[in-house]
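A.B. asks: Just the structure for this:
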Amino acid sequence: MATFIVRRLLISVPVFFGITVLVFLFVAIAPGDAASALIRPDQAADPAIRQAIVERYGLDQPIPIRYVRWLSSTLQGELGYTVVSGRPISGEIGRSFLASLLLVGTALIGGILVGVPLGVLSAVRQYSKLDFTLTGITFLGISMPSFLLGIGGLWLVGLQLGLVPIAGMVTPGQPFDLFDFLRHLVLPASILAFAFAAQFMRYTRASMLEVINADYVTTARAKGLPARTVITRHAFRNAMIPVITLIGLYIPEMIGGAVVLEQVFSWPGLGQLAVNSVVSRDFNLIMGITMVLSVFVLVANLLTDLAYGFADPRIRLS
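C.D. replies: Next comes the predicted model:
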């Protein structure tokens, strides 16, 4: 196990650097630059102001030199400052990361707790009225765009019923209160959890149907084991491998995948921060977000591989 982890970490190093090189190159050659975003309209006609900004941020240097300078500062733990606000990038990313983690982490846990058991139940009662009902709900959750659910939830629950706030993570101008935070969290997290639960329900049902009639499950039934034991100890554990893969794919969405809902609900997460950084051409902030996303995805893939070994002892990671 230790050898597997070390090997994966060593493989992740060149992958990480490859990602940063590609993103750095794409941002550098994209139309426009940070200097254009920083120049006020009344200063646009003055080439001296533009040249001063270009020299200040090193935008006149060749791309390889700019990348080496950025990489050197990053490896020293210095991500720099945002071009627009001048605040430390580490602080901006840290606050947005925590906000995204709270939102999508809550939704992911809720989706697992709801979708996986319902998927098992739907497979066990295949072709029943319950199965058809749950399948219909699954298709609705998969096909319905998240922004449409978000707008509908805002209109019905927030505006018409007035049960929860419609924007932000806390009430502006008030000290932090846990109950107030939960009231802001419940609606976007519930909408995102519904989409997650639909996916988990679909994959769990399909995976359970593949193993529920396998020979080892039939043998367990022939031994006289209770139906619940056959399902939980024999069928469910083997059916979890595709579901674990799906969970591993969704973990990176805890950072940037909820960008649409973050925009709808004005949630100050990393997805919204990434959109704002691209719009403002904040080069340093874009690279900082890329670095965090890259590390998070690589760690998520490693944890997914480790989970395979715990779910199915036949898988030997070594």
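A.B. asks: which of the residues in the host helix or strand of Asn284 are buried?
C.D. replies: Taking DSSP states H and E as the criterion, Asn284 maps to helix 283-311. By neighbour count, and taking 16 or more other Cβ atoms under 10 Å as the criterion, the buried residues in helix 283-311 are 283-294, 296-298, 300-302, 304-308, 311. Placement of C-beta: from N, CA and C, glycine included.
A.B. asks: what distance separates stretch 243-254 from the centre of its chain?
C.D. replies: 8 Å (Cα atoms, centre = their mean, to the nearest Å).
A.B. asks: just stretch 262-273 next, same as before
C.D. replies: The chain centroid and the centroid of stretch 262-273 are separated by 12 Å, computed with Cα atoms, centre = their mean.
A.B. asks: Please export the alpha-carbon coordinates of that stretch; PDB is fine.
C.D. replies: Output of stretch 262-273 as PDB, limited to C-alpha atoms (Å, rounded to 0.1, in the frame of the first residue of the first chain):
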ATOM      1  CA  GLU A 262     -22.700  29.900  -7.200                       C
ATOM      2  CA  GLN A 263     -23.600  32.500  -9.800                       C
ATOM      3  CA  VAL A 264     -27.400  32.000  -9.300                       C
ATOM      4  CA  PHE A 265     -27.200  32.200  -5.500                       C
ATOM      5  CA  SER A 266     -24.300  34.700  -5.400                       C
ATOM      6  CA  TRP A 267     -22.400  32.100  -3.300                       C
ATOM      7  CA  PRO A 268     -18.800  33.300  -2.800                       C
ATOM      8  CA  GLY A 269     -17.100  30.000  -3.900                       C
ATOM      9  CA  LEU A 270     -14.100  29.200  -5.900                       C
ATOM     10  CA  GLY A 271     -16.100  28.700  -9.100                       C
ATOM     11  CA  GLN A 272     -17.400  32.200  -8.900                       C
ATOM     12  CA  LEU A 273     -13.900  33.500  -8.100                       C
END
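A.B. asks: In that stretch, which residues are buried?
C.D. replies: Of the residues in stretch 262-273, those buried under the neighbour-count criterion (16+ other Cβ under 10 Å) are Glu262, Gln263, Val264, Phe265, Trp267, Pro268, Gly269, Leu270, Gly271, Gln272, Leu273.
A.B. asks: pLDDT averaged over that stretch, what's the number?
C.D. replies: Per-residue confidence for stretch 262-273 averages out to 86 on the pLDDT scale.
A.B. asks: which residues are in contact with it?
C.D. replies: 92-93, 95-97, 99-100, 103-104, 147, 150-151, 154, 166-169, 187-188, 255-261, 275, 285, 289, 292-293 (Cβ atoms under 8 Å, 6 or more residues apart in numbering).
A.B. asks: Out of the buried residues of stretch 262-273, name the ones that lie in helices.
C.D. replies: Assigned to helices by DSSP state H, the following of the buried residues of stretch 262-273 qualify: Glu262, Gln263, Val264, Leu270, Gly271, Gln272, Leu273.
A.B. asks: export those to CSV and tack on distance to Val211?
C.D. replies: Below are these laid out as CSV (distance: Cβ to Cβ, whole Å):
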residue, distance to Val211
Glu262, 37
Gln263, 40
Val264, 39
Leu270, 37
Gly271, 36
Gln272, 41
Leu273, 42
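A.B. asks: Could you check how far Gly150 is from Leu113?
C.D. replies: As judged by Cβ to Cβ, to the nearest Å, Gly150 and Leu113 stand 21 Å apart.
A.B. asks: Which one's more surrounded, these two?
C.D. replies: A count of neighbours by other Cβ atoms under 10 Å puts Gly150 above the other of Gly150 and Leu113, at 21 against 13.
A.B. asks: Quick check: which element contains the more buried one?
C.D. replies: Counting by DSSP H and E, the element that carries Gly150 is helix 146-153.
A.B. asks: and what of Ile53?
C.D. replies: Short version, using DSSP H and E: Ile53 is in helix 47-56.
A.B. asks: then that helix to CSV, C-alphas only?
C.D. replies: What follows is the C-alpha trace of helix 47-56 in CSV, where atoms were taken according to Å, rounded to 0.1, in the frame of the first residue of the first chain:
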residue,chain,number,x,y,z
PRO,A,47,0.4,54.5,-24.1
ALA,A,48,2.8,55.4,-21.2
ILE,A,49,0.3,54.2,-18.6
ARG,A,50,-0.2,51.0,-20.4
GLN,A,51,3.6,50.4,-20.8
ALA,A,52,4.1,51.1,-17.1
ILE,A,53,1.5,48.5,-16.2
VAL,A,54,3.0,46.0,-18.6
GLU,A,55,6.5,46.5,-17.1
ARG,A,56,5.2,46.4,-13.5
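A.B. asks: and it, which residues are buried?
C.D. replies: Applying a neighbour-count criterion of 16+ other Cβ under 10 Å, the buried positions in helix 47-56 are Arg50, Ile53, Val54.
A.B. asks: quick revisit: okay, the buried residues of stretch 262-273 in CSV with distance to Asp180 next?
C.D. replies: What follows is the buried residues of stretch 262-273, written out as CSV (distance: Cβ to Cβ, whole Å):
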residue, distance to Asp180
Glu262, 19
Gln263, 22
Val264, 20
Phe265, 15
Trp267, 14
Pro268, 15
Gly269, 18
Leu270, 22
Gly271, 22
Gln272, 20
Leu273, 22
